[in-house]
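# following is a predicted model, sequence given first.
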Amino acid sequence: MKVSPLEYEVEFFKEKGFTRLRGSICQEHYWTLNPELREPQDVPCVDYWFDKIPSSGPLTVSEARRKFIDFFVRRGHAEVPPRPVVARWREDLYLTIASIVVFQPHVTSGLVPPPANPLVISQPSIRLEDIDNVGLTLGRHLTIFEMAAHHAFNYENTYVYWKDETVRYAFEFFTKELGIPGDLIVFKESWWEGGGNAGPSFEVAVGGLELATLVFMMYKTVNGSYERIPMLIVDTGYGVERMAWFTQKTPTAFHAIYGDLVERARDIVGMERPGEELLLAARRAAGKLDPDSPESVKAYFERVAREVGEDLEKVRRALTAEARLYSVLDHTKALAFMLADGIVPSNSGEGYLARLVARRALRQLRLLGSSAGLKELVAMQIDLWGRDFPQLRENAAYVLEAVELEEARFREALERGRRLLERELSRARSIGLEELVKYYDSYGVPPELVAEVAKGAVVEVPHNFYSIVAARHRSPRSLGKGEAGIEERIRSWASQFPPTRKLYYEDPYLRSFSARLLGVMDNLVVLDSTAFYPTGGGQVSDVGVLRIGGKEHRVKGAFLVGDVVVHELEEKPVGGGEVHGEIDWERRYKIMRHHTATHALLGAARRVLGAHVWQAGAEKTEEKGRLDITHHKPLSREEVRKIEELVNSVINQRRKVSARLMEKGEAEAKYGFSLYQGGVPMSKVIRVVEIDGWDVEACGGTHVSNTGEIGGFRIVNVERIQDGVVRLEYVAGTRVSDVARAAEERLEEIGEMLGASRGQEAERLKSLLASFEELKAVADQYRKSWAEGVKRELRSAEKVGGVRLVVTESPEQSRERVQEALKEITDEEPEALVAVIMRGREAAALEVAAGRAAAELNVGELVRRAAHALGGRGGGSRSYGSARLPAAVGIEEVRRALLEALR
RNA sequence: GGGCCGGUAGCUCAGCCUGGAAGAGCGCUCGGUUUGCACCCGAGAGGUCCCGGGUUCAAAUCCCGGCCGGUCCA
């Protein structure tokens, strides 16, 4: 888009005497007080030289954050606490990647007012797209960072502030709070786009380091063009870690962020400390380093080597090792935050992202030649950041256990891969690119490990290895989800009606009601109010009857289109006006019990297993409830029992269950994001269901009013349905009795089959098994004597063409048994040629085997010819054959055919 | 949610491409040898070839469907 220069003309610049210049290398426009600054002072146009720029004194990450927040609080901004790094309130994002994410989509779309306006926040954020560059750039790339931000939301009728004030704040903060000389601060003109929005922006850079981005969100992107949105949003992002780096002037950002943790981690890994000179030279050069370009990386190493007067290889090795150490620090911090916010590592969803980070950290450790584990490092991160982020300490036990488990899994995967690879190598094959990709993609073995195991037999690993892998995964775009497959025709018809009054919310115990008929299309009916609960939130819809025009119609179900409840009848009704409805109450009550039981169960599971337990799916029907929860390992019998007992005691405590509508922001502030167990409602007001002192969730279902009404609870099945997800199935209320009866009836049935009286089933089965063993032994005896008989017959049989032929019938119909017997006979009688007929109803099967002395015979061919002569088909190998013959074939007939074929 | 790999003895796996009597190593049991600890020799037990269907005279093997595990990517 062609951006008008007017977008960047700010009153403050004129007032202060800023000039607009254009860089000679980077060709971008920027605003400065100092025309001597020939470039916009940003990577990759200049070296880092911020260490030469004065500041008001070194700040830790924690201090820089505090300073920022206090500055804006003093200027009328309200402090908003940070959210989790897992974006639970977003359906389209796994991780919180910026502070603005906190306010999307509800605030930015204008649906919900912000918690304060203007506001200030410091939001821990995680971005994984640059994970491979972490470390090498000495801190420009991080997976986890804090984005400090002040936001202002300007509505059509409420103006807060816009560009001018935002730029003033930035200038004032950097000069007064950080002590940066104003003539070294550069505002580079830029354009920002993301999440469907766009707008002009300034990148604020000092001495090569970009310290902040000031975005003025004012467009939305529509098919590649821009449309003004009614809101004007000030979206800023100040890098807290960069402020710490800038003020501490340490060789790398990691030293500024982690302090002495860098050296402690170095000791754990067992690395030498590089000379200060090397790191300082690296920092100067890192400003122009483009980690995605092999040429730029090469030039970077060469320049550092030249400046410190060292051997290039030595420098490359030292800096690569440093980069690995730094990325281990970065990844262990990201992992601590991800796990503490409740991610369970798995092979899909956000769980996979945690696994990705853990495995990359482990790989870096391996490449450093260290056998150190992640656990100790993660524990150190919890220690370092736990004061500012208490969730780290609260969930430390789970975090460390999950880390340990991930490590074990990775080791197992590598072990498996190593065995496969060694086998492959023993077949003296060389390892090419194709194999490298296969080992990584299918078995999780990174290419450098393949190279290590395969030694010389491996091709070079291409630098774009991971994009080669990624290319294999490019899949056709998935279809847009659409609202659960409701036909467009129905959708547009239904949406013309006013919202249905939801009587099932006003009184979940309402069984019958009167309403006015608003519309009919085929068998679909819309009323002005209804007690029929429409399918949603994992709760199945009600069924029942509607009396329309004097005739009763069965209601098969109901569903929601927007705010309109659509009833699905068995046939099209006639007439209209007053309608009387009645729901199937027995069914509904069972569903309500299961639904409330689900909430009680989730509360119990979180208490027994930990706060990382989240609902991963649920269904409540008349028969049973089903709840999928995130958890990193299978539940023990003991844990299941504890959870069940806990739910039953909640039932006995007769806790109050209440549902009420709350302002979204208010509910979040009061209860946290564990509200959103079943997804995030896109509305200003949400319905909050609370079991007093036990569980609070945003939920649109119907519930009993007291846990006592659940009436009883029994977990009937537990299974692991996916890595990191455990499924619980359970029944409540009178269904407990149904399930108990069904179990009893099953036992009775078994008892009857066993002929055992009540309570004697196990004894009876034991003795039956004993007699079964006895019978098996007897059958073996018979088999043996049958085989002996065949052998006797063989010995007395006439020798024809070097073999003795016996044709006989088997009392058993099992191919396998006959083969077993034939094997024994032919092993013992080398000259044997034995044919066994097994007679079935439709056809007879023939099995023929020969002993060793009959080696020159081709049994398969023999059988093929004989079978053909007898009107069947057959074949086989040199020593064994089988055929299918007409059912009535006689022994003598078979003998003659075989003899015929023999000559 | 999708791609790729896999499921055979207690364990680790071969056999599958090219259909024809289910194998190896380790472990286990017994016997011998030895009496220095991953010793050697011999014998033996141990199988729903993941499940279901199809093709075929014949399926661990080929085809279809399902279940389970691993792994990479959204």
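Received it, and whenever you're ready, just let me know what you need. Just so you know, these numbers come straight off a predicted model, no measurement behind them.
# which of the three states applies to A:W89?
coil (DSSP: H, G, I helix; E, B strand; the rest coil).
# next one: A:K556
strand.
# per-residue pLDDT, the nearest residue to A:G369 once chain neighbours are set aside?
What sits nearest to A:G369 in space, not counting adjacent residues and going by Cβ to Cβ, 6 or more residues apart in numbering, is A:G270, at 7.7 Å. All C-beta atoms are positioned from the backbone trio N, CA, C, and that covers glycine. With respect to pLDDT, A:G270 scores 93.
# quick one, what contacts A:G270?
A:369-370, A:372 (Cβ atoms under 8 Å, 6 or more residues apart in numbering).
# for PyMOL, what selects the buried ones among those residues?
Selection of buried members from the contacts of A:G270 for PyMOL, criterion 16 or more other Cβ atoms under 10 Å:
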select buried, chain A and resi 370+372
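# can you confirm A:R896 is in a strand?
No: counting by three-state DSSP, one finds A:R896 to be helix, located in no strand.
# name the residues of the helix or strand encompassing A:R804 that are buried.
When elements are assigned from DSSP states H and E, A:R804 belongs to strand A:803-809. By neighbour count on 16+ other Cβ under 10 Å, the buried set for strand A:803-809 is A:803-808.
# show the residue spans covered by the helices in the stretch 51-200 of chain A.
Using DSSP state H, counting those that start in this stretch, the helices of the stretch 51-200 of chain A run over A:61-74, A:163-172.
# any part of the helix or strand bottoming out on mean pLDDT in chain A near RNA strand B?
The helix or strand of chain A with the lowest confidence, counting by mean pLDDT, DSSP states H and E, is helix A:465-472 at a mean of 80. Yes: judged by Cβ under 7 Å from any atom of the strand, helix A:465-472 comes into contact with RNA strand B at A:466, A:469-470, A:472.
# need those in JSON lines with distance to A:A282 and neighbour count, can you?
JSON lines is the format used below for those (distance: Cβ to Cβ, whole Å; neighbours: other Cβ atoms under 10 Å):
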{"residue": "A:Y466", "distance to A:A282": "24", "neighbour count": "13"}
{"residue": "A:V469", "distance to A:A282": "30", "neighbour count": "14"}
{"residue": "A:A470", "distance to A:A282": "29", "neighbour count": "10"}
{"residue": "A:R472", "distance to A:A282": "35", "neighbour count": "9"}
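# residue numbers of the stretch 651-800 of chain A in contact with RNA strand B?
A:720-723.
# tell me which two in the residues you listed are the farthest apart.
A:I721 and A:D723 (9.3 Å; Cβ to Cβ).
# the two: who's more crowded?
Comparing A:I721 with A:D723 by other Cβ atoms under 10 Å, the one with more neighbours is A:D723, at 16 against 11.
# grab the nearest non-local neighbour of that one.
A:S346 (4.1 Å).
# the one you found reaches A:Q722, doesn't it?
Yes: contact status for A:S346 versus A:Q722: in contact at 6.9 Å, counting by Cβ atoms under 8 Å.
# check contacts around the closest residue to RNA strand B within the stretch 751-900 of chain A.
Of all residues in the stretch 751-900 of chain A, A:S877 sits closest to RNA strand B, at 2.5 Å by Cβ to the nearest atom of the strand. Residues near A:S877 by Cβ under 8 Å, 6+ apart: A:859-860.
# who's in contact with the helix or strand containing A:E227?
If you go by DSSP H and E, A:E227 is part of strand A:225-239. Applying Cβ under 8 Å, 6+ apart, the contact partners of strand A:225-239 are A:1, A:68, A:98-100, A:108, A:110, A:118, A:145-156, A:160-162, A:166, A:170, A:192, A:197-198, A:210-220.
# next structured bit after that strand?
Reading on from strand A:225-239 to the C-terminus, the next helix or strand found by DSSP H and E is helix A:240-248.
# by how many degrees do that next one and strand A:225-239 diverge?
Calculated by axes from the mean of the first three to the mean of the last three Cα atoms, to 10 degrees, helix A:240-248 forms an angle of 50 degrees with strand A:225-239.
# list the helices and strands the helix or strand following helix A:240-248 packs on?
Following helix A:240-248 in sequence order, the next helix or strand is helix A:253-258 (DSSP H and E). In terms of contacts (3 or more Cβ pairs under 8 Å, 6 or more residues apart in numbering; DSSP states H and E), helix A:253-258 is packed against helix A:240-248, helix A:261-269, helix A:312-340.
# ok, which of those helices comes nearest RNA strand B?
Closest approach to RNA strand B among those is made by helix A:312-340 (13.7 Å; Cβ to the nearest atom of the strand).
# shaky segments in chain A?
Within chain A, the stretches with pLDDT under 70 are A:1-2, A:428-429, A:457, A:474-486, A:855.
# what does stretch A:861-873 rub up against?
Under Cβ under 8 Å, 6+ apart, the answer for stretch A:861-873 is A:843, A:846, A:848, A:874-876, A:881-886, A:889, A:893-894, A:897-898, A:900-902.
# how about the helices in the stretch 501-650 of chain A?
Under DSSP H, counting those that start in this stretch, the stretch 501-650 of chain A gives helices at A:503-506, A:585-609, A:637-652.
# most tightly packed of those?
When the helices of the stretch 501-650 of chain A are scored by mean count of other Cβ atoms under 10 Å, the highest mean neighbour count falls to helix A:585-609 (a mean of 24).
# and the angle from it to helix A:637-652?
Going by the same axes, to 10 degrees, helix A:585-609 makes 130 degrees with helix A:637-652.
# output the contacting helices and strands for helix A:585-609.
Applying 3+ Cβ pairs under 8 Å, 6+ apart, one finds that helix A:585-609 contacts strand A:615-620, strand A:625-630, helix A:637-652, strand A:685-691, strand A:695-698, strand A:713-722, strand A:725-732, helix A:734-754.
# out of those, flag the one nearest A:L546.
Using Cβ to Cβ, the helices and strands packed on helix A:585-609 put strand A:615-620 closest to A:L546, at 23.4 Å.
# could you check the angle strand A:625-630 makes with that closest one?
180 degrees.
# other residues contacting strand A:615-620?
By Cβ under 8 Å, 6+ apart, the residues outside strand A:615-620 that reach it are A:538-540, A:591, A:594-595, A:598, A:602, A:625-630, A:677-678, A:701, A:725.
# is that strand anywhere near RNA strand B?
No: applying Cβ under 7 Å from any atom of the strand, one finds strand A:615-620 separated from RNA strand B by no less than 9.1 Å.
# so how far is that strand off the chain centroid?
Strand A:615-620 sits 16 Å away from the centroid of its parent chain (Cα atoms, centre = their mean, to the nearest Å).
# one more: stretch A:399-407?
17 Å.
# next one: stretch A:511-525
The answer for stretch A:511-525 is 42 Å, by Cα atoms, centre = their mean.
# residues from the stretch 501-650 of chain A in reach of RNA strand B?
Close to RNA strand B, as judged by Cβ under 7 Å from any atom of the strand, the stretch 501-650 of chain A has no residues.
# just to revisit the earlier point, now the two most distant members of the buried residues of strand A:803-809.
Within those, A:V803 and A:T808 form the most distant pair, 15.2 Å apart (Cβ to Cβ).
# quick one on the thing from earlier: so can I have CSV of the helices of the stretch 501-650 of chain A showing distance to A:P274?
Output for the helices of the stretch 501-650 of chain A, formatted as CSV (distance: least, Cβ to Cβ, whole Å):
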stretch, distance to A:P274
helix A:503-506, 66
helix A:585-609, 45
helix A:637-652, 49
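# contact partners for the residue lying farthest from the centre of chain A?
Most distant residue from the mean C-alpha position of chain A: A:E798, 73.4 Å away (Cα atoms, centre = their mean). Shown in contact with A:E798 (Cβ under 8 Å, 6+ apart): A:R804.
# from A:L899, how far out is it?
Using Cβ to Cβ, to the nearest Å, A:E798 is found at 10 Å from A:L899.
# ditto for A:P84
For A:P84, the distance to A:L899 equals 85 Å [Cβ to Cβ].
# neighbour-wise, which of the two wins?
Between A:P84 and A:L899, counted using other Cβ under 10 Å, A:P84 has the larger neighbour count: 22 against 14.
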